[in-house]
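J.: Sequence first, then the predicted structure, then my questions.
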Amino acid sequence: MAEQDERLIGITPAMKEGSDLIAFSERFPKRYFDVAIAEQHAVTLAAGMACEGLKPVVAIYSTFLQRGYDQLIHDVALQNLDVTFGIDRAGLVGEDGPTHAGAYDYAYMRTVPNMVIMAPKDENECRQMLHTAYLYPGPTAVRYPRGNGLGVEIQQQLTELEIGQAELLLELNTEHDEGMSILAFGSRVQPALEAAKQLAQQLDIAVRVVNMRFVKPLDEQIIRDLVDKTSLFVTVEEHAVMAGAGSAVNEFLAHAQIIKPILNLGLPDEFLAQATHTEMLQDCGLDADGIKNSIQQTWLKLVQHV
């Protein structure tokens, strides 16, 4: 994209290696800015460049963008400027420890007007979302986790996604009238799919999985379309449950006066001790088995009280 558009600027607050901007800095040294450990300045610099018609991309960890929150609001979002945030280390970060956990970015960004927030299910969708964010003429954030991708095929063709549109990935046992709809965000889409297949088989009910893609704007229409087919909504995210993507779904259902049982799965309200990423996901019940077990327990309680 930098080869095709000379307006593209790369900005990092001393995380060239961590955010993998090494190749970019070597190929486009005059369009690469490392502002050192000054996250606030990284955001304000991007805002100033956007005011002059450039298209800055700020590569930053979720935990470090917290330090530039005031600048995100006043310098970027308030003026509705064309700044793309590539938010790395979103969610649990394993050996990096609790100081680097990206557990709060949905919460602190989705309350800010003009922001568009995306969460890819895999590395190919991440690529397409970054492309979408770059083309969008306002402030956008693409949130992706630390670690390896799923190993999916990378489409070289860049395709712009429709803003605020989710995708229905899986429908099982649709001959049943009652069932559940799992609304999964970002890195938890794949384990949600694995859990859904087990639930459909073990409970013999209809199970649907939606890759929500957008935390803001939320795809409200797909939720409305699922209401009559859904006895239980489940949201799954690698983010704090409190004020996260699941809370956005709760708020929509309440505003639309849709009364349905809902289960929000995500990170607990505590600082998590250092461990491997896999161990942390297991401890939080956010791997496929944990997701399945939590949903199954909730479903069995629900049907017992009907």
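T.: Thanks, I have it.
J.: and whichever helix in the chain runs longest, average pLDDT?
T.: For the chain, the helix with the greatest residue count under DSSP state H is helix 288-305. The average pLDDT within helix 288-305 is 95.
J.: How about stretch 111-121?
T.: 98.
J.: Give me the contacts around that stretch.
T.: In this structure, residues lying in contact with stretch 111-121 by CB atoms under 8 Å, 6 or more residues apart in numbering are 72-73, 77-78, 80, 90, 106, 109-110, 126, 128-129, 132-133, 136, 138-144, 161, 163, 184-187, 189-190, 211-217, 237, 245. Yep, even glycine has a C-beta here, placed from its N, CA and C like the rest.
J.: What of stretch 289-306?
T.: Contacts of stretch 289-306 (CB under 8 Å, 6+ apart): 180, 182, 188, 191-192, 194-195, 198-199, 202-203, 205, 231-232, 234, 236, 261, 263, 265, 281-282, 284-285.
J.: Could you pull out the buried residues of it?
T.: Residues 290, 291, 292, 294, 295, 298, 299 are the ones in stretch 289-306 that count as buried (16 or more other CB atoms under 10 Å).
J.: how far away is the closest residue to residue 204 other than its chain neighbours from residue 124?
T.: Excluding its sequence neighbours, the residue lying closest to residue 204 (CB to CB, 6 or more residues apart in numbering) is residue 173, at 6.6 Å. Computed as CB to CB, to the nearest Å, the residue 173 to residue 124 distance reads 28 Å.
J.: go on, residue 192?
T.: Distance from residue 192 to residue 124, by CB to CB: 18 Å.
J.: between those two, who's got more neighbours?
T.: A count of neighbours by other CB atoms under 10 Å puts residue 192 above the other of residue 192 and residue 124, at 29 against 16.
J.: How far does whatever helix or strand that one lives in sit from its chain's centre?
T.: Per DSSP states H and E: residue 192 is located in helix 189-203. Relative to its chain's centre, helix 189-203 lies at 20 Å (CA atoms, centre = their mean, to the nearest Å).
J.: now that helix and helix 288-305, what's the angle there?
T.: Put simply, helix 189-203 runs at 40 degrees to helix 288-305, going by axes from the mean of the first three to the mean of the last three CA atoms, to 10 degrees.
J.: For the helix or strand following helix 189-203, name the packing helices and strands.
T.: Note on helix 189-203: by DSSP H and E, the next helix or strand toward the C-terminus is strand 206-211. Packing partners of strand 206-211 (3 or more CB pairs under 8 Å, 6 or more residues apart in numbering; DSSP states H and E): strand 167-172, strand 179-184, helix 189-203, helix 220-227.
J.: And the first one, what's buried?
T.: Within strand 167-172, the residues that count as buried by 16+ other CB under 10 Å are 169, 170, 171, 172.
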